[in-house]
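could you work out the structure for the sequence below:
(one chain, ligands or ions: 2)
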Amino acid sequence: MGKSNLWENYSQKQLKELEKLNQEYREFLDNGKTERECIDTIVNIIETAGYQELESLIKTGKKLKKGDKVYSVWMNKSIAMFQIGAKPLEEGMNILGAHIDSPRLDVKQKPLYADADGSFTYLDTHYYGGVKKYQWVALPLAIHGVVVKKDGTTVELNVGDNEDDPVFFVSDLLVHLAGEQLEKKASKVIEGEALDLIVGNKPLIIKKEDKAASAGNDPDKPTDVDRARRLMKAGVLGILKESYGIEEEDFISAELEIVPAGKAREAGFDRSMILAYGQDDRVCAFTSMRAMLDIKATERTACCILVDKEEIGSVGATGMHSRFFENAVAELMNLAGDYSELKLRRCLAHSCMLSSDVNAGFDPSYASCFEKKNAAFLGRGMVFSKYTGSRGKSGSNDANAEYQAHLRKILDERKVIYQTAELGKVDVGGGGTIAYILAQYGMNVIDCGVAVLNMHAPWEATNKADVYETYRGYIAFVEGAAL
Ligand code: MN
Ligand code: MN
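Ligands and ions are numbered 1, 2, ... in the order given. Modelled structure (predicted):
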């Protein structure tokens, strides 16, 4: 159990499968750097695999039967997938649940400005989720997201990830000038309000004849600095208007996310790892979705939920606290001809869930933050966390021993390698997932996922073997019997 390195035990056939899965995983990461992009990517993949949209089935009133594959997207940012099992829904489902939001910088509603001297144009940001702010300076960044215009049309922005695209960056101070800065605490060395993105450094060019025409006509002749500032901002605004049809006011109804620019890469001479943005928790989202596509016909209905807003407390209409999932299950039962409020409650209470989220991989450079016996190691298998939380398990979902025993049996039968871990040592670590929210229905839930090194950094690392093993574990769980 989690003692030996996975790589030593795989057959040639398994190694081939492992590489293929990780190739797909990297493509998944590259195509989905925001929640919306993840949903688009997932819907494309699962529709090809025969999944049908729940809402369209509701319209036609088509009755659901065993083996049917259904999905429901909520506000373009969360999704629930179901594969109907042989047993009545009332008996419960096997649920995989991961999140598809990741820490980043979000663009503010009134973001665009030029500095006092008119030397640069900036987009002002507000960071999203837990970030070490100093990690987000002086590296190439991309802008992904949507601008929704008053007429309801949506402009999709995706700049910085194609080879010919420009990138963006947050400046940092030259080390020679940073004597005072370097004395500051790491949490203060880059302040939140200093995380402003440089997006331009060239003023709007006004043609000579236009300049001559306007000369002497201005009653409040602006100072040179006012003019420099206005033209610097106008330079970028002009490009936004010309390239995307976006006006400055349109930022009010936009969701633009600043993410690291660049593709997911293999890491190490041995290519054993993946280094990429957003692996918390897209590594579990990908493996969960992929498991759903590869399961056989199941006894219990199989379910996978991939949700938004975990990094900021699972709030909002698309976070796990929203009722969208419960509503989708109610609709599903209705289409299966088997709905009542009581049956819905039974279905949820009798379900079993893996809250599929990442865990902090043991880092030898920071060994003192871990308690080795109860730490997750990269390359040693799928990670179970009975509890997370902090300061005496506070805020955690402490899973039942009976449930963990049940899972041990299922995984051992399929020879899935797993390890157990806490998130850091006592009174050092802590954290939360969506586990406790689903547990409110009375269902068995445990945290389970992939170990990650430098989690929440712009570039996070995982081991390919853990990705593969977790995928295998998810299949075993979903196909497995009820507790
Ligand atoms: Mn997470
Ligand atoms: Mn996280």
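
ok, then the element right after the worst-scoring helix or strand of the chain on mean pLDDT?
Using mean pLDDT, DSSP states H and E, helix 208-214 stands out as the lowest-scoring helix or strand of the chain, at a mean of 70. Sequence-wise, the next helix or strand downstream of helix 208-214 (DSSP states H and E) is helix 224-244.

now do the very next helix or strand once past that following helix: which elements does it pack against?
Proceeding C-terminally, helix 224-244 gives way to strand 254-260 as the next helix or strand, assigned by DSSP H and E. Applying 3 or more C-beta pairs under 8 Å, 6 or more residues apart in numbering; DSSP states H and E, one finds that strand 254-260 contacts strand 104-114, strand 121-128, strand 141-148. Any C-beta I mention is one placed from the backbone N, CA and C, and that applies to glycine too.

out of the ones you listed, which one sits most buried?
For the helices and strands packed on strand 254-260, average neighbour numbers computed from mean count of other C-beta atoms under 10 Å are highest in strand 141-148, which has a mean of 21.

can you show me the CA trace of that strand as CSV?
The C-alpha atoms that make up strand 141-148 are tabulated as CSV, following Å, rounded to 0.1, in the frame of the first residue of the first chain:
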residue,chain,number,x,y,z
LEU,A,141,0.6,35.3,-19.0
ALA,A,142,-2.4,34.8,-21.2
ILE,A,143,-6.0,36.2,-21.1
HIS,A,144,-8.8,33.8,-21.4
GLY,A,145,-12.5,34.5,-21.0
VAL,A,146,-15.7,36.1,-22.3
VAL,A,147,-17.0,39.6,-22.7
VAL,A,148,-20.8,39.6,-22.9
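
pLDDT on that strand, on average?
Per-region confidence: strand 141-148 scores 98 on mean pLDDT.

any idea what sits nearest the residue of the stretch 1-150 of the chain found nearest ligand 1, other than its immediate chain neighbours?
Distances between the stretch 1-150 of the chain and ligand 1 by C-beta to the ion are smallest at His99, namely 5.7 Å. Nearest residue to His99 in three dimensions, chain neighbours excluded: Glu310, at 3.5 Å (C-beta to C-beta, 6 or more residues apart in numbering).

ok, now Asp280?
Among residues not flanking Asp280 along the chain, Val358 sits closest, at 4.6 Å (C-beta to C-beta, 6+ apart).

and that neighbour, what's its pLDDT?
As summarised for this prediction, Val358 has a pLDDT of 96.

burial of it, as a residue count?
Neighbour count for Val358, taken as other C-beta atoms under 10 Å: 29.

now the one 10 residues further on
Residue crowding around Ser368 was assessed by other C-beta under 10 Å; the count is 8.

read off the pLDDT value for Asn217.
61.

from Lys386, how far off is the closest residue to ligand 1 within the stretch 151-300 of the chain?
Scanning the stretch 151-300 of the chain for the residue nearest ligand 1 gives Asp281, at 3.9 Å (criterion: C-beta to the ion). Using C-beta to C-beta, to the nearest Å, we find Asp281 at a distance of 19 Å from Lys386.

neighbour count: these two, which is higher?
Just comparing Asp281 and Lys386: by other C-beta under 10 Å the higher neighbour count belongs to Asp281, 29 against 19.

how about the more buried one, nearest residue that isn't a chain neighbour?
Nearest-residue entry for Asp281: His99, 4.6 Å, with adjacent residues in sequence omitted and distances by C-beta to C-beta, 6+ apart.

quickly list what that neighbour is bridged to.
Here His99 sits in beta bridges with Val307, going by DSSP bridges.

and it, what does it touch?
If you count contacts by C-beta atoms under 8 Å, 6 or more residues apart in numbering, His99 has them with 281, 284-285, 306-311, 314, 320, 357, 433-434.

lowest-confidence one in these?
Per-residue confidence over the contacts of His99 reaches its minimum at Thr433, where pLDDT is 90.

where does the protein come near ligand 1, residue by residue?
With C-beta under 5 Å from the ion as the criterion, the chain meets ligand 1 at residues 280-281, 357.

any chance of CSV for these, columns distance to Gly192 and secondary structure?
Rendered in CSV, the data for these read as follows (distance: C-beta to C-beta, whole Å; DSSP: H, G, I helix; E, B strand; the rest coil):
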residue, distance to Gly192, secondary structure
Asp280, 20, helix
Asp281, 23, helix
Asp357, 25, coil
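
tell me which helix or strand Phe28 sits in.
Assigning secondary structure by DSSP H and E places Phe28 in helix 12-31.

show me what that helix is in contact with.
Applying C-beta under 8 Å, 6+ apart, the contact partners of helix 12-31 are 10, 37, 40-41, 161, 263-266, 274, 276-279, 282-283, 286-287, 290, 464-465, 467-468, 471.

so which residues of the stretch 351-483 of the chain form strands?
Shown for the stretch 351-483 of the chain, the strands assigned by DSSP state E, counting those that start in this stretch span residues 352-356, 359-360, 382-385, 418-420, 444-449, 451-452, 460-463.

isn't the residue nearest to His99 right up against Ala435?
No. In this structure Glu310 lies outside contact range of Ala435 using C-beta atoms under 8 Å: 10.5 Å.
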